[in-house]
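Asks: Sequence first, predicted model second:
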Protein chains: 2
Amino acid sequence: MLAPDAILTTPEDIEDFALKDDYALNPQYITLVIDAADRGDGMRLRELLDALHPADIADLLGFLSEDYREEVIPWIPADALAEVLSELDDDIRDEVIDTLHTDDLAEVLQELDSDDAAAVFEDLEEDQQKAVLAAMPQAEREAMATALAYEEETAGRLMQREVMAAPSFWNVGHTLDHMREAGDDLPELFFDIYVIDPSHRPIGAIPVSVLMRSKREVTLAALMEPITEIAVNQDQEEVAYIFEKYHLISAPVVDISGRLVGQITVDDIVNIIQEEHREDLLALGGVSDDEGRDASTFDMLKSRLPWLAVNMLTAFCSTWVIAAFQEQILKLVILATLMPIVASIGGNSGTQALTVNVRALAARELTAANAWRTLWREVRVAWINGTTLGFILSVIATLLMWNTQIHKDWNGALGLGAVMWGAVVINFTAAALAGTLMPLGLSKMGRDPAVASPIFVTMVTDTVGFFSFLGLAALVLL
Amino acid sequence: MLAPDAILTTPEDIEDFALKDDYALNPQYITLVIDAADRGDGMRLRELLDALHPADIADLLGFLSEDYREEVIPWIPADALAEVLSELDDDIRDEVIDTLHTDDLAEVLQELDSDDAAAVFEDLEEDQQKAVLAAMPQAEREAMATALAYEEETAGRLMQREVMAAPSFWNVGHTLDHMREAGDDLPELFFDIYVIDPSHRPIGAIPVSVLMRSKREVTLAALMEPITEIAVNQDQEEVAYIFEKYHLISAPVVDISGRLVGQITVDDIVNIIQEEHREDLLALGGVSDDEGRDASTFDMLKSRLPWLAVNMLTAFCSTWVIAAFQEQILKLVILATLMPIVASIGGNSGTQALTVNVRALAARELTAANAWRTLWREVRVAWINGTTLGFILSVIATLLMWNTQIHKDWNGALGLGAVMWGAVVINFTAAALAGTLMPLGLSKMGRDPAVASPIFVTMVTDTVGFFSFLGLAALVLL
């Protein structure tokens, strides 16, 4: 193809080239940036970055190695800087912030909605925070303080304090006029108008699109629809669940006395949903921390080594079990070749149950109301799967055994088959119990049902697998 | 506590009791419903259901067993029915639909937005579909046909055809007046007004909250902001990615000729995001289908048995490898007790890499641009983890061996330690390669990187684990 550098001059061309069809950053575009950085061609870097949406600039930085980021960061367009910051992963964000003067940083934060600003601010080091606050105008400083007064991961942190509220006795015309005047105190974007009572409690909401289509003389009381309130100290995971369940676009946030203090909009919720899902996925994969593209080797070790260490210890349960049956193995070495199958297939059925139940718990589809039914369902499925696969395995085991015998002896061969069958059914049952009770128990204790579950479940299926297989063999065959 | 039936009479009390604090359905509330159903107390059922949001009624049906659902379904309030239907899982939805007359069903569908209606309609059996269409007015029938003409899981299916569009030369006042008149042709809710050119192509968007705060004489051209267009045939996963990336609330959908044909709003996207995440999670857990609360035993077998069967076959790779080293095991039975550790810990490190990379691929954070860097990063981490844990394991192995020796022989003991160390490092390397290249390869082939990966990765780590450990032992010790 033609060297793209030559043809890509207009912002439109550059953006089209950068995003391809699937809106993921085009690797060739990233190469263009890297080339420009190598040439130290600042004008070109500015040109390449100017064409991108701030979210894409943040994405680009994630794809670059640290050295190249250093080259590129100074060329981020000033008007995009604020949004880029709020999009970046923490580590990269720090790199960008370190290149900014305190005053610029303070200005940038003021451009953001109160919720985004707080999110960036809370990651600053203490001295940075002090300096930035000092550089802010009084009002902004207080706003920031209030936002940060709420606990992390609560509605208070998610919400923006700017809301459009009006008393129920106002009519549409009056409200519209007020909104035209009240310009700056209103949020930049909003989707609902909250109707409040004299003590500033929200009693209803009116979608903007409904308000503006109604006759000027209609009162808000006549238009308002029931609302779902969010408590300022509610956990963000709960808030996300409420938004999903009721398909909310925005919701009013109230303090302990029920007074309206802010609103949460769905665009912030999408991020929370992402986070929660990522946590579940990683926890089930035995990774404790979220590793971004920019994660250092050390970050990755921190998030993986501990779980592997735990797994190493649990693995010795198997060793210990097998060691107890060394004599049987010496008498009948085929046991050593077949025993991993029982453990491995049991481990998989345990993981299946675990995954399904962790998801159901996260979606609030598994609660005390159907816990027993769920457990029974899992056991039933385990028995059917175990009997079916156990039978196939028992046939294979029988033939393998028969095949190894010098003095052919059907009893021995069939005996091993029976042992295999029994061990698989036993291990599948254990897998179903562990894969259901472990996450249920953790969530009942208010812990994350995904964390540590996989290692525990595999420990159970390994131990039970080896023990049932070798134990039954010792009883039946030797 | 006091028998709740006695105290729960007002809708407010019932709703508070039903939702508890975390907005998940209160098991005790579900018991109330079941009791009422047992008593055949229809009035009470109506009372209990009336107090709930349609989404909660749908949730309730999910918690009930099929028999109880039969009892409860007739008492779903008519005005909630449409929304309840659009919230239900497919299987339960069919149960509800079977209780409806065609005319009622047709009416219900007309109450829904075109996207939701299509979603319900497409699940009907053909004869049902015909009957329902026949019972619909001409306009609705054509609308339904158009919606269904688009492929499943594309933007065309997600979008609602109702949009608010206006030419760029209109001014704010004119637009507001038009919206007041145009009542029914407009969507029930909308957040952006799309500005179109004479050939009906969207050229910009204006948030409603901005429009209504602007002076009546300002032209739309002066207010409009750039838009991100969605192509009508774009895959829903891509659409979700675009919404997440740019924090969109709504976006215009255009046909091949670039003309505005509908809009997608973020509330539909939240569901898609949920779906995509669920698919990844289940696939990594070796579960092929989504199992709802209402999944039958047969559904569960269908979604789990196939993967277990595949795993059974792959497990024989281990058997085959171990069988090849039977003599070594007979000479040195401690090998049989230690070999599962190498396989198990390697399997876990493989799962870690796999999970991290599947997530990164789904988030478009892993592309051709950083594939090699990612692979190298994984290998580096594998070596460090493998050397560390391998060393600890080698010490333990040495001591266990020493402990079993009648004629103490440090060479043999240290030899086994060295074998253990080497095998762990080798298996961790294999795990990193498999856990990175497998998902990368699948996604390069346009397949889902999560499906089948786990079984493949464990097959690699089991086989390599047993082979490297027993093989090295054969070389070094015997």
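Replies: Arrived safely.

Asks: CA only for contacts and neighbour counts going forward, please
Replies: Will do.

Asks: looking at chain A, which helix or strand is least sure?
Replies: One helix or strand of chain A scores below all others by mean pLDDT, DSSP states H and E: helix A:4-7, with a mean of 68.

Asks: Is A:A450 in a helix, a strand, or coil?
Replies: Under DSSP: H, G, I helix; E, B strand; the rest coil, A:A450 falls in the coil class.

Asks: How much space separates it from chain B?
Replies: 11 Å (CA to the nearest CA, to the nearest Å).

Asks: Would you check that that residue makes contact with A:E276?
Replies: No - applying CA atoms under 8 Å, one finds A:A450 not in contact with A:E276, separated by 11.3 Å.

Asks: which stretches of the stretch 51-200 of chain A form strands?
Replies: Listed in chain order, the strands found in the stretch 51-200 of chain A under DSSP state E, counting those that start in this stretch are A:165-167, A:192-196.

Asks: residues near A:P306, how many?
Replies: Per other CA atoms under 10 Å in any protein chain shown, the neighbour tally for A:P306 reads 15.

Asks: so how far is whichever strand or helix holds it from its chain's centroid?
Replies: Here A:P306 sits within helix A:297-324, counting by DSSP states H and E. Distance of helix A:297-324 from the chain centroid (CA atoms, centre = their mean, to the nearest Å) equals 25 Å.

Asks: Is it in proximity to chain B?
Replies: Yes - contact between helix A:297-324 and chain B is present through A:297, A:300-301, A:304-305, A:308-309, A:311-312, A:315-316, A:318-320, A:322-323 (criterion: CA under 8 Å from any CA of the partner chain).

Asks: Kindly report the same for stretch A:441-448.
Replies: No - between stretch A:441-448 and chain B, judged by CA under 8 Å from any CA, nothing touches; the nearest distance is 12.6 Å.

Asks: Show me where the stretch 251-400 of chain A has its strands.
Replies: A:260-265.

Asks: can you pull out the helices in it?
Replies: Secondary structure of the stretch 251-400 of chain A (DSSP state H, counting those that start in this stretch): helices at A:266-284, A:297-324, A:326-331, A:334-362, A:371-404.

Asks: Highest mean neighbour count out of those helices?
Replies: With neighbours taken as mean count of other CA atoms under 10 Å in any protein chain shown, these reach their highest mean count in helix A:334-362, at a mean of 26.

Asks: Looking at it now, give me its mean pLDDT.
Replies: The pLDDT scores in helix A:334-362 average 95.

Asks: What parts of the stretch 351-478 of chain A come near chain B?
Replies: Residues of the stretch 351-478 of chain A found near chain B, taking CA under 8 Å from any CA as the criterion, are A:351-352, A:354-356, A:359, A:364-370, A:377, A:380-381, A:385, A:389.

Asks: give me the low-pLDDT residue ranges for the stretch 1-150 of chain A?
Replies: Of all residues in the stretch 1-150 of chain A, those with pLDDT under 70 make up the ranges A:1-6, A:21.

Asks: Spell out which residues of it are next to chain B.
Replies: Counting by CA under 8 Å from any CA, the positions of the stretch 1-150 of chain A adjacent to chain B are A:D22, A:Y23, A:A24, A:N26, A:P27, A:Q28, A:I30, A:A55, A:D59, A:G62, A:F63.

Asks: repeat that for 7 Å
Replies: Within reach of chain B by CA under 7 Å from any CA of the partner chain, the stretch 1-150 of chain A has these residues: A:D22, A:Y23, A:A24, A:P27, A:A55, A:F63.

Asks: can you put the residues you listed in a markdown table and add distance to B:G286 and neighbour count?
Replies: Shown next, in a markdown table, are the residues of the stretch 1-150 of chain A next to chain B (distance: CA to CA, whole Å; neighbours: other CA atoms under 10 Å in any protein chain shown):
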| residue | distance to B:G286 | neighbour count |
| --- | --- | --- |
| A:D22 | 28 | 15 |
| A:Y23 | 29 | 16 |
| A:A24 | 28 | 21 |
| A:P27 | 32 | 19 |
| A:A55 | 34 | 19 |
| A:F63 | 31 | 22 |
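
Asks: Pick the one among the residues you listed closest to chain B.
Replies: When those are compared for distance to chain B (CA to the nearest CA), A:P27 wins out at 4.7 Å.

Asks: which residues sit in contact with that closest one?
Replies: A:P27 makes contact with B:A368, B:A369, according to CA atoms under 7 Å, 6 or more residues apart in numbering or on different chains.

Asks: make it 10 Å
Replies: A:P27 is in contact with A:F17, A:A18, A:L19, A:K20, A:V33, A:L60, A:F63, B:T367, B:A368, B:A369, B:N370, counting by CA atoms under 10 Å, 6 or more residues apart in numbering or on different chains.

Asks: how long is stretch A:94-102 end to end?
Replies: 13 Å (CA to CA, to the nearest Å).

Asks: chain center to stretch A:136-147: distance?
Replies: Here the centre of stretch A:136-147 is set off from its chain's centre by 30 Å, with CA atoms, centre = their mean.

Asks: neighbouring contacts of that stretch?
Replies: A:102-103, A:105-107, A:109-110, A:114-115, A:117-119, A:121-122, A:132-135, A:148-149, A:156-161.

Asks: Isn't A:N357 up against A:G441?
Replies: No - contact criterion CA atoms under 10 Å: A:N357 and A:G441 do not qualify, at 11.5 Å.

Asks: how far away is A:R201 from chain B?
Replies: To chain B, A:R201 is 17 Å away according to CA to the nearest CA.

Asks: Now do that residue against A:A55, distance only.
Replies: Counting by CA to CA, the gap from A:R201 to A:A55 is 36 Å.

Asks: what does A:L61 give?
Replies: With CA to CA as the criterion, A:L61 and A:A55 are 10 Å apart.

Asks: Need the residues touching each of the two.
Replies: Common neighbours of A:L61 and A:A55, counting by CA under 10 Å, 6+ apart, are A:V84, A:L88.
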